[in-house]
Every structure is written in C-alpha cells, then in structure tokens.
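Visitor: Predicted model and sequence follow; I will ask about them next.
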Amino acid sequence: MQPSVVLPVLFDVLPRVARITLYIALGVFAANLVVSLGLVERIAGLSRYLTGPANLPDEVGTAIVTTAASTTAGYGMLAEFRESGNLDDRETLIAVTINTFFGFVQHIFTFYWPVLIPILGYEVGLLYVGSRAAIALAITITGVVAGAVLLSSRPTTTTSSVETDGAGDEANDQTKRELVEEAAHKTWRKLKRLVPRLALVYTLVTLLVQTTDLDALTAFADPLATLVGLPGAAVPVIAVFAFDTTAGAATIAPLIGETFTSTQAVATMLLGGIVSFTVSTFKRSIPFQYGIWGPSFGSKVIVVNTSLKIVFIALAVALLVA
C-alpha cells in the first residue's frame with residue numbers, strides 16, 4: 001500500500017487512539033484504586049438501586065458513576081473487573097446495558113444542550129433530547145430487569161471478596177502511596193496488552209473506510225421513511241444525519257413547521273440514528289469494542305448495544321408517528 005494512503009490514516013488514527021488510551025487508563029487505574037483503597041462502598045452507594053436489583057456486585061456501581069463523566073473510562077473499569085475475574089461475560093453484558101443511560105447523561109451537557117438544542121429550537125430540541133433520554137433509560141431498565149431474571153440464581157458478590165488484578169489481604173498493610181503505585185503499575189501492564197490491539201484495529205478500519213463507498217449503507221433510508229409515513233424530504237435528512245448529527249440537525253431545522261411537524265422532525269432524526277448505527281458501528285464501535293474486549297466478546301457487546309438501541313428507537317418512532 002502506498003505511503004500516501006497510509007500516512008494520512010496514521011495522522012488521523014494516532015490522536016484518536018491516544019485520547020481513548022488516556023480515558024481507558026483512567027478507568028483501569030480507578031478500578032484498581034477504588035478496590036484497593038476500599039472506596040467502593042462510598043462511591044457505589046446510590047447506584048445500588050440499580051446494581052442491587054440486577055444482582056451485580058457493588059464494583060459495577062463505580063463504573064456506572066464513572067460512565068456519567070466518561071463512557072470510555074467506565075468501559076475501562078468494566079473491562080478491568082471482567083479480566084480480573086470479578087465479572088463473568090453475562091454480568092458484564094448486563095452491566096454494559098445498565099450503563100447506557102449514564103453514558104447518555106454526559107452528552108446532554110457536552111453536545112445536546114450547547115449544540116443541538118440551539119440548532120433545532122427549544123420545542124423540537126427538547127422533544128428530541130427527551131426521546132433519546134427515554135430510549136437510553138428504557139435500555140438501562142432492560143439491563144436491570146435482565147440482571148434480576150438471569151442472575152437471580154447466582155450468589156451476590158460482596159465487596160470484601162472482590163480483588164482486582166491480584167490485590168489480596170496484604171493490601172491492608174500497604175500505605176496509600178504504595179497502593180497508588182501498585183494501581184499505576186497494573187494499569188501500565190493492562191495498557192501494554194490493550195493499546196497495540198486498539199491501534200491496529202482502528203488503523204485497519206480507517207483504511208477500509210477510506211477505500212470503501214459507505215454511502216451505499218444508507219440506501220435503505222428511502223423505504224424506511226416511506227414505511228413510517230414521513231415526507232419524502234426525510235430521506236436526504238436521514239442520509240446526512242447518519243454521517244453527522246450536527247449537519248443533519250442543521251439540514252432539518254429550516255424545514256420544521258413547513259415540511260415537517262415537530263414529531264415528524266424528531267422521528268426523522270431518530271430514524272437517522274438507526275441508519276447511523278450501520279456507519280458508526282463500522283467506523284467507531286468495532287475498533288473501540290474490539291480494542292477493549294477483543295473480537296469475541298467485543299462482538300457480543302456490539303450486538304447487544306445495537307439491537308437494544310434499534311428496538312427502542314423503533315418503538316419511539318412508532319409512538320411519534322402514531
């Protein structure tokens with residue numbers, strides 16, 4: 001492959017991998033630290049209303065709290081708990097599902113409120129954000145119910161029995177500085193295994209994206225819009241929205257009140273979200289999830305996340321156009 005093709009990809013991938021690596025490092029470091037310092041009880045108190053009914057250990061609560069600040073760091077914590085044996089695959093999938101609403105919360109303050117609502121106006125903007133919040137909350141509740149049903153026969157994991165990367169009873173005899181240094185050392189060991197895989201998958205996918213026509217992936221926008229009874233103008237909006245949320249919102253905003261009603265506009269943007277999963281899964285989810293979990297379990301996370309989002313977005317669209 002020509003250097004003229006590879007070098008731009010590397011310049012695009014490396015900053016992204018560095019940013020994700022930083023957040024994962026924070027998540028893994030925090031996971032080791034909160035366990036070794038005995039902070040789980042304090043941090044995870046409120047989240048027990050979710051982890052308790054879902055039969056998940058308190059440590060998942062620390063990942064939930066972290067996810068509200070950084071989804072990547074929250075995933076990093078869950079990955080650490082899974083690799084250290086504190087969560088099995090089923091528990092991890094349920095924890096990832098419960099995390100959905102808390103991952104959404106951070107976007108309210110970083111994107112929806114300062115960017116999207118001003119573009120769409122308060123009526124449509126709040127209706128769209130409220131719909132997305134309801135969808136995320138429904139997925140989180142689904143995770144809690146799944147834990148209550150699927151994990152009901154399992155013994156509850158107590159905080160005192162949890163270890164992270166080999167932390168043992170001798171931790172009680174260590175100073176806080178030694179515990180911090182130990183957590184940093186374990187984090188470095190984890191990153192040495194994870195970052196090469198993350199960088200490789202991101203590079204391969206980015207190369208594939210740049211040499212593949214992804215526009216064909218939005219070809220089913222037309223029948224999708226027709227199926228739910230949206231105006232023909234919804235098709236180009238959905239296509240734009242699938243690749244860039246801000247551009248899609250800017251495209252539909254002038255048409256609200258003339259071509260689209262408020263509910264039709266929100267339904268159109270939600271459909272754009274369904275179509276965008278095809279693109280975003282390929283461009284972002286696969287590299288990220290494979291980098292954190294590996295291909296086998298990463299594929300399971302992608303299937304669960306995508307399936308639940310599509311189901312609940314479809315239900316929301318049906319209610320809006322009913």
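Guide: The structure has been received and is ready for your questions.

Visitor: and the gap between residue 228 and residue 62?
Guide: Note on residue 228: its distance to residue 62, by Cβ to Cβ, to the nearest Å, is 40 Å. All C-beta atoms are positioned from the backbone trio N, CA, C, and that covers glycine.

Visitor: Also residue 179?
Guide: 16 Å.

Visitor: Which residue of the two possesses the greater neighbour count?
Guide: Counting neighbours by other Cβ atoms under 10 Å for residue 179 and for residue 62 shows that residue 62 has the greater number, 27 against 18.

Visitor: correct me, but that one touches residue 80?
Guide: No: applying Cβ atoms under 8 Å, one finds residue 62 not in contact with residue 80, separated by 10.5 Å.

Visitor: Tell me how many other residues surround the residue nearest to residue 48 when sequence neighbours are not counted.
Guide: Nearest residue to residue 48, sequence neighbours excluded (Cβ to Cβ, 6 or more residues apart in numbering): residue 61, at 6.2 Å. By other Cβ under 10 Å, the residues close to residue 61 number 26.

Visitor: Residue 61: what secondary structure?
Guide: The three-state label given to residue 61 by DSSP: H, G, I helix; E, B strand; the rest coil is helix.

Visitor: So what's the predicted local confidence for it?
Guide: Per-residue confidence at residue 61 stands at 84 (pLDDT).

Visitor: Then residue 300?
Guide: Among the per-residue scores, residue 300 holds a pLDDT of 94.

Visitor: can you pull the contacts of residue 118?
Guide: For residue 118, the contact set (Cβ atoms under 8 Å, 6 or more residues apart in numbering) comprises residue 125.

Visitor: Next, it: phi, psi?
Guide: Summarising the backbone geometry of residue 118 under the convention degrees, to the nearest 10, its torsions are phi -60, psi -30.

Visitor: ok, now residue 73?
Guide: Note on residue 73: its backbone torsions stand at phi -70, psi -40 [degrees, to the nearest 10].

Visitor: Repeat that for residue 86.
Guide: Here is the backbone geometry of residue 86 (degrees, to the nearest 10): phi -80, psi -20.

Visitor: looking at this, residue 55 is in a strand?
Guide: No: counting by three-state DSSP, residue 55 falls outside a strand, being coil.

Visitor: Give me the neighbour count for residue 260.
Guide: Using other Cβ under 10 Å, residue 260 is surrounded by 22 other residues.

Visitor: wait, doesn't it sit right on residue 269?
Guide: No: using Cβ under 8 Å, residue 260 is not in contact with residue 269; the gap is 9.8 Å.

Visitor: which neighbours do these two share?
Guide: Counting by Cβ under 8 Å, 6+ apart, the common neighbours of residue 260 and residue 269 are residue 252.

Visitor: what about residue 235, how many neighbours?
Guide: Burial of residue 235 is recorded as 19 neighbouring residues (other Cβ under 10 Å).

Visitor: Check the one 5 residues further on too.
Guide: Residue 240: 20 surrounding residues under other Cβ under 10 Å.

Visitor: surely residue 91 meets residue 51?
Guide: No: applying Cβ under 8 Å as the test, residue 91 and residue 51 come out as separate, 10.2 Å apart.

Visitor: what about the strands in the stretch 201-322 of the chain?
Guide: Listed in chain order, the strands of the stretch 201-322 of the chain (DSSP state E, counting those that start in this stretch) amount to none at all.

Visitor: what residue ranges in it are flagged as low confidence?
Guide: 201-202, 204-222, 224 (pLDDT under 70).

Visitor: One more pass at 90, please.
Guide: Segments of the stretch 201-322 of the chain classed as low confidence (criterion: pLDDT under 90) are 201-255, 257-259, 271-292, 294-295, 306, 310, 321-322.

Visitor: so how far is residue 301 from residue 176?
Guide: The spacing between residue 176 and residue 301, counted by Cβ to Cβ, is 34 Å.

Visitor: Could you check which of those two has the larger neighbour count?
Guide: With neighbours defined as other Cβ under 10 Å, residue 176 and residue 301 compare such that residue 301 has more, 22 against 10.

Visitor: Just give the nearest non-adjacent residue to the more buried one, would you?
Guide: By the measure of Cβ to Cβ, 6+ apart, the closest residue to residue 301 outside its immediate chain neighbours is residue 289, 5.1 Å from it.
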